[in-house]
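Peer 1: Fold the stuff below for me.
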Amino acid sequence: MKAEEILAAHAAKGERLISPWEEKLQYEGRIDFEGEEGPVWVFPATYVKLRFRGRAVRAVLTNRHGYWDNYMGFLLDGREGKAKLQESGVTVISLGEDLGPGEHELCLFKRQDSCHLVTFHGFIGSPDLELLDAPPLSRRRIEVYGDSVSAGEVSEAVECCGQPDPQHNGEFSNSYYSYSWLTARKLGARLHDIAQGGAALLDDTGWYSGGLRAEDGSVSTRYTGMETIYDKLSYHLSLSDAKRWDFSLYRPQVVIVALGQNDSNPEDIMAQDYDGEKAAHWREQYGQFLLNLRGIYPEAHIICATTILGHHANWDRAIDEVCCGLKDPKIHHFLYTKNGCGTPGHIRIPEAEQMAEELSAYITSLGDHIWEAEEEK
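Peer 2: Numbers count the residues shown, from 1 in each chain. Below you'll find the predicted structure:
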């Protein structure tokens, strides 16, 4: 079915249907716009914004469940909320009822990573709903390649700062409070958050996709790394439907590579044998990954980092060695104050705010001129 047909099937007589192709909607993130049912969202921090006048608005989406419970986030006139999605089929989310007069601004965003995908079919509004022009997008653009910390996984478990994770089923994950999005907001920048929980740099390492059941019933027997994910538009559980991303559509001036946390599974090669063959191979491939990004973004500043989540210091040593060896003045190695020793659990909101404060200050120290590079084509 087409998006407009799906909207009509869930609307009452006289309600306003807002197609996902409506030009006054403002999107951000790597999004697959090819399907007639509507745009498909994969990555955390992907969003759609609209400004409007009217009494009520609802969002219509179809969920493609992978694991955990799945939630969408939203901001309406600055008030944040979340809504649980059905595991499959169409979910209609009420985002605002009995709204007052005047202008309203709504941001509907993806809180989680590829534990699920959503197809956005559009909005249903009250009969009086009037769409307004969205504000212009910032000329500053950031892209992050990372894991669960970059995605904001378990960030809302604030009672567990500095502690291991509590039991959860996805309800505490929120990309809005990832250090990635917090940093972008502090700098007034756009963000593409290419972050996947469990992802390491290399395939067959880390934690992502191993043991997961795909829609055809098959169970993954291998791990998928960022070397496979980074250039994809979608990669959900299996690569049978993977699509390549067109890098010309978004040209970041700052690229953050936040890998090295999950790379110690199944072997902590940097801790066990830093000068060994496996560790040397990882450093070589990490350098190649940076060169691949440099080939895509010739003028961007690339910032290499890990996080404050506990890990062996040799991973940061390895990253520093690679960055120094490349002798590229626009490739930087950044360390947080509590790098690798801040917490045994995921990064909670206060910890992410501190990381974002430090990272945004470092980016600012590079000078305003960095935002003049990589102009949109």
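Peer 1: And this protein, what are its domain boundaries?
Peer 2: Following automatic domain parsing, the chain resolves into domains at 3-132, 141-372.
Peer 1: For the shortest one, what is the distance to the chain centroid?
Peer 2: Yep, that's domain 3-132 we're talking about. Here the centre of domain 3-132 is set off from its chain's centre by 17 Å, with C-alpha atoms, centre = their mean, to the nearest Å.
Peer 1: can you check the longest one too?
Peer 2: Taking C-alpha atoms, centre = their mean, one finds the center of domain 141-372 at 10 Å from the center of the full chain.
Peer 1: Please name the nearest non-neighbouring residue to Arg58.
Peer 2: Of all residues not flanking Arg58 in the chain, Ile124 sits nearest, at 4.7 Å (C-beta to C-beta, 6 or more residues apart in numbering). The way it works is simple: take the backbone N, C-alpha and C, and place the C-beta from them, glycine included.
Peer 1: Likewise for Ala200?
Peer 2: Leaving aside its sequence neighbours, Ala200 sits nearest to Gly206 (C-beta to C-beta, 6+ apart; 2.9 Å).
Peer 1: ok, now Thr224?
Peer 2: Nearest to Thr224 is Ser209, by C-beta to C-beta, 6+ apart, at 4.4 Å.
Peer 1: where do the helices sit along this protein?
Peer 2: Secondary structure of the chain (DSSP state H): helices located at 3-9, 148-151, 179-187, 226-229, 269-272, 277-296, 314-326, 349-365.
Peer 1: I'd like these written out as JSON lines, with mean pLDDT and mean neighbour count added.
Peer 2: Formatted as JSON lines, these follow (pLDDT from 0 to 100; neighbours: other C-beta atoms under 10 Å):
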{"stretch": "helix 3-9", "mean pLDDT": "98", "mean neighbour count": "17"}
{"stretch": "helix 148-151", "mean pLDDT": "98", "mean neighbour count": "30"}
{"stretch": "helix 179-187", "mean pLDDT": "98", "mean neighbour count": "24"}
{"stretch": "helix 226-229", "mean pLDDT": "95", "mean neighbour count": "21"}
{"stretch": "helix 269-272", "mean pLDDT": "98", "mean neighbour count": "18"}
{"stretch": "helix 277-296", "mean pLDDT": "98", "mean neighbour count": "16"}
{"stretch": "helix 314-326", "mean pLDDT": "98", "mean neighbour count": "18"}
{"stretch": "helix 349-365", "mean pLDDT": "98", "mean neighbour count": "18"}
